[in-house]
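> test case, fold it:
(2 chains)
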Amino acid sequence: MKRLLVLFSILALGIVFVSFTLSQTSPASVQMPDNVKAAIDKSCFGCHNSASQNVKAKEKLDFSTLSSLSKAAQIGKYREIGETIKNGEMPPKKFLDNNPDKKLTEEETKLLIKWAEGEVKNLMKK
Amino acid sequence: MKKIKIAGLVLAGIFIVIQFFRPELNNGGLGENNILTKEQLPEAIGAMLKHSCFDCHSNQTNYPWYDRIAPASWMVAQHIKEGKKQLNLSDWGSKDVIDKVTILGGIRDEVKSGSMPLPAYTLIHRDAKLSKDQVNEMILWTDKFGEELLAKEE
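Residues are numbered from 1 along each chain as shown, chains lettered A, B, ... in the order given. This next block holds a predicted model:
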């Protein structure tokens, strides 16, 4: 009985450890082309990840857990990514004032919009 | 003493004058395209949408008397304008499935984080506040309903 308890404890600890490690991964956990990943790493991932200090940002979008959402929720997120970038709402102006190097170039903007729209289409097909 | 009296009269005068600047009321009716007409929603969800969301996210606001008095009426009008711009559940029927699941995801996030219903709104409209259980119910529903809508599309 005791042995069983120990075994279960180890198993439980293992699960906690694995899920913790998973939640700390970079946007690489969402499969994306290298150039898209580079742009997201540069301008988005800093706030939109599980370990972010910016609670509002990570509640809205967390690249670390994006792929674990339901299909419908993922479609919603990709649609929002595309729209938000299209409308020039992200990265926020205030943030860019202090971090001008994080601004998306025109090319990156187009790339991310196209990528997000493509993801919506792919998910709809699945 | 006299000064206080004059100040009081001036303030009362201003209060009366501003009542003539009335914002347009949002009372066009829920409309045929509203989500409650278009979808068979669980009763509890429909009730939550009605009591906690529709005032700013549909074409029909239920105004208590105090929401009709300036300057509160101006703030209310601003909230409704902003709310409808973000989401108008009276337009649900005209949206495609991608829009709909995006809306559901938005509702999920806003309710989960406690951003919606607006704390400034629930402060006055106490019955619009969602309990923890209601928030959980809403989250589960948005997930489930989103998947249902996608399945229907296939």
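> quick check: longest helix in chain B by residues?
helix B:132-153 (DSSP state H).
> in that one, what counts as buried?
Residues B:Gln134, B:Val135, B:Glu137, B:Met138, B:Trp141, B:Thr142, B:Asp143, B:Phe145, B:Gly146, B:Glu147, B:Leu149, B:Leu150 are the ones in helix B:132-153 that count as buried (16 or more other CB atoms under 10 Å in any protein chain shown). Bear in mind the C-beta positions are built from the backbone N, C-alpha and C, glycine included.
> out of those, who's nearest chain A?
Here the nearest of the buried residues of helix B:132-153 to chain A, counting by CB to the nearest CB, is B:Gly146; it sits at 2.8 Å.
> wait, that closest one sits on A:Lys77?
No - B:Gly146 is beyond contact range of A:Lys77, at 11.4 Å (criterion: CB atoms under 8 Å).
> need the overlap of contacts for those two.
B:Gly105 (CB atoms under 8 Å, 6 or more residues apart in numbering or on different chains).
> what sits against the closest residue to A:Asn54 other than its chain neighbours?
In space, and not counting its chain neighbours, A:Asn54 is closest to A:Cys47: 4.3 Å by CB to CB, 6 or more residues apart in numbering or on different chains. Taking CB under 8 Å, 6+ apart, we find A:Cys47 in contact with A:Asn54, A:Ala57, A:Lys58, A:Phe95.
> among those residues, which lie within helices?
Short answer: the contacts of A:Cys47 in helices (DSSP H) are A:Ala57, A:Lys58, A:Phe95.
> can you add pLDDT and give these back as JSON lines?
Formatted as JSON lines, these follow (pLDDT from 0 to 100):
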{"residue": "A:Ala57", "pLDDT": "92"}
{"residue": "A:Lys58", "pLDDT": "89"}
{"residue": "A:Phe95", "pLDDT": "92"}
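> fine, thanks again, bye for now.
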